[in-house]
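Novice: make a model of this:
(2 chains)
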Amino acid sequence: MTIKIGDKAPNFTLADTNEKSIALKDYSTKSILVVIFSCNHCPYAQAWENRIIAIQDSYKSQGVQILVISSNDAIQYPADNFDEMKKRAQEKNYNFPYLYDESQKVAHSYGAEKTPEVFVFDQSRTLKYHGAIDDNFDDEGSVQIHYLKNALNELVNNSSPTVPTSEPVGCTIKWKN
Amino acid sequence: MKIQFLYFDGCPSHEKALNRLKEAMQLEKINSHIEIKEISTQQEAENFSFPGSPTILINDQDIDLVPQNPHFALACRAYKLPDGKISPLPPLELIQNALRK
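Specialist: Numbering: from 1, shown residues only, chains lettered A, B, ... in the order given. A predicted model of the protein is given here:
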């Protein structure tokens, strides 16, 4: 079941594409933590990828940390295996940790279903926003509602997001059989 | 003209893609029947050589380049746009060009 607004962030420790062990608590000094379930192969993830990089860049100075997690079954979807994740992170010069949830336990603990799917937590790691990055995967120039940016803008100003949820749009997470 | 539209329900773009195919057919004044096939199992993906959703075949030819070693699976398909960006939807021009061949 997907975590709800007001729930605490489920803890995890995962390897990133630099083979460094990353835990949620490592970012305790960050005022806002954004956990995004994504992957390599999904065209929706690819369509939004540059926007995720830009958001991390824009909000870094305001204490926002993005963590991107891939939970897809790499046996059925080899483009999402750990080596391919490493390549992708390097090619795209990711400015956030890209974590491999091989067991899929983290995706299950968050109740994530799509890629990309966003969970935003405040300083106390309480869920404040869950959903999509914005409302137009196909054309960044035609975005009407910047869900994630709006939520971050409100949170950095110590307000709760006025739109706390939206419908994530993307590929389904590829579960192991 | 034989036109086939293959999709996987786990990808939300298939309805938009089908509308885009219909728009392209209208622009090219093609009135053929669209054979719509839902791919719902891994076995079907392999049987139909399905590289991802949506896939459009015109006279049995894919409208886009299929990778040399395609992976047939219940997945969403990435299309490269003229500006190099990736989209889950085939561009209108790509469909139109395939219809003109």
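
Novice: for the residue nearest the centre of chain A, which three-state class applies?
Specialist: Nearest to the mean C-alpha position of chain A, by C-alpha atoms, centre = their mean, lies A:Ile36 at 0.8 Å. Classification of A:Ile36 using DSSP: H, G, I helix; E, B strand; the rest coil returns strand.

Novice: what bridges to it?
Specialist: Note on A:Ile36: beta-bridge partners A:Val68, A:Val118, judged by DSSP bridges.

Novice: ok, it - contacts?
Specialist: With contact taken as C-beta atoms under 8 Å, 6 or more residues apart in numbering or on different chains, A:Ile36 is in contact with A:52, A:66-69, A:116-119, A:133. C-beta here means a position set from N, CA and C on the backbone, and glycine is covered the same way.

Novice: tell me which of the residues you listed is nearest to A:Asn40?
Specialist: Among the contacts of A:Ile36, A:Val68 lies closest to A:Asn40 (C-beta to C-beta), at 10.7 Å.

Novice: next one: the strand or helix carrying A:Leu33 to chain centre, how far?
Specialist: A:Leu33 is part of strand A:32-38 when elements are defined by DSSP states H and E. Taking C-alpha atoms, centre = their mean, to the nearest Å, one finds the center of strand A:32-38 at 3 Å from the center of the full chain.

Novice: repeat for stretch B:80-99
Specialist: 10 Å.

Novice: tell me the mean pLDDT over the strand holding A:Leu33?
Specialist: The average pLDDT for strand A:32-38 rounds to 98.

Novice: swap in stretch A:2-12?
Specialist: The average pLDDT for stretch A:2-12 rounds to 97.

Novice: which parts of that stretch are buried?
Specialist: A:3, A:7, A:9-10, A:12 (16 or more other C-beta atoms under 10 Å in any protein chain shown).
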